[in-house]
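Colleague: any chance you could fold what I've pasted below:
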Amino acid sequence: MNNTYYLVRHGETEWNTMGRTQGHGNSPLTELGVIQAENAANALSKFPIDMIYCSDLGRAVQTAEIIGKRLGKEVIPTESLREMGFGEWEGMKIKNIQEKFPAMFEIWRNSPDRLDIKGAENLFIVKERQDKLIQELNEKYSDKHILLVSHSVTVRVMLLSFLDSHVRNIYRIKQDNTAINIVESRSYGPVVIKMNDTKHLSDLNIKSSPDVKSALE
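Modeller: Residues are numbered from 1 along each chain as shown. Here you go, the predicted model:
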C-alpha cells in the first residue's frame, strides 16, 4: 500500500434521526446532514484529494457529491463501499428488533461477528468486499490521495482491516456522521493518523445521529 486514504461516513439521514436500521435501504440526508457534508467538504479541501469513490447508496452518493462539488472532483460510486445489508432488520427501530429478535440482537451487541440474519450480510462479507476494493485501488494507483465515502459499519470494518484487528471489535471504534479518518502508507504498513475527527462539526448543535448503541446504520 502506498496511497493515502480518507474515510468519511455519510451525513445524517432522516432514518438516522428516527433510529431506523438502514443497511442497503436508504433515506435522504436531513438539512443537518447536508450542512455536515458541506463542513466536511471544507475540511477536506485542505488535503490533496485526487479522487473520490463512494458507496452507491443514495445517502453516501449525496454526501460525496456535495464534497466532490467543493473539491472539483467527480464521484465514482461502487457497491464495494455499501453498508452491511441487514436483511429483515432494515427499516426497523432498535426497540422493535429487540422485541422481535431478542436472541439475535444479543449476539449483534456482544458477538457481532457471529450474527446471521435472514437475507443479510455479515461482517466478514463486508470485510471481504472492502479489502478487495483497497487491493484493487493499490494495484491501480500509486501515491494517490483517495477519498472513500461510506457508512458506519463499513468504515469501522475498513479501519479494523488497516489495523489488522478482528471484525468482532467494531464497537471499539465510533463513527459520527461525516467523521474524517485518515490512513497513511508507511514503509512498515498502513498507519491510522486520524480517526472519527469531527472538528469541522464543532459549530453545529448536533454532531451526529443517535449513537450506535441506540441505532444501527
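
Colleague: just the C-alphas of the longest strand anywhere in the chain, formatted as CSV.
Modeller: Counting residues, the longest strand found in the chain (DSSP state E) is strand 189-197. Backbone C-alpha positions of strand 189-197 (Å, rounded to 0.1, in the frame of the first residue of the first chain) are rendered in CSV as follows:
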residue,chain,number,x,y,z
GLY,A,189,2.5,-0.7,6.7
PRO,A,190,-0.7,1.4,7.0
VAL,A,191,-0.9,3.9,9.8
VAL,A,192,-4.2,5.4,11.1
ILE,A,193,-3.3,9.0,11.8
LYS,A,194,-6.8,10.4,12.3
MET,A,195,-9.9,8.7,13.5
ASN,A,196,-13.5,10.0,13.9
ASP,A,197,-12.3,13.6,13.6
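
Colleague: so what touches it?
Modeller: With contact meaning Cβ atoms under 8 Å, 6 or more residues apart in numbering, strand 189-197 is reached by 1, 159, 162-163, 173-176, 179-185. For glycine as for every other residue, the C-beta is placed from the backbone atoms N, C-alpha and C.

Colleague: residues of that strand that come out buried?
Modeller: For strand 189-197, a neighbour-count test (16 or more other Cβ atoms under 10 Å) marks Pro190, Met195, Asn196, Asp197 as buried.

Colleague: got a pLDDT number for the spatially most central residue of the chain?
Modeller: The centroid of the chain falls nearest to His151 when counting by Cα atoms, centre = their mean (2.4 Å). pLDDT for His151: 98.

Colleague: could you do Asp203 as well?
Modeller: pLDDT for Asp203: 79.
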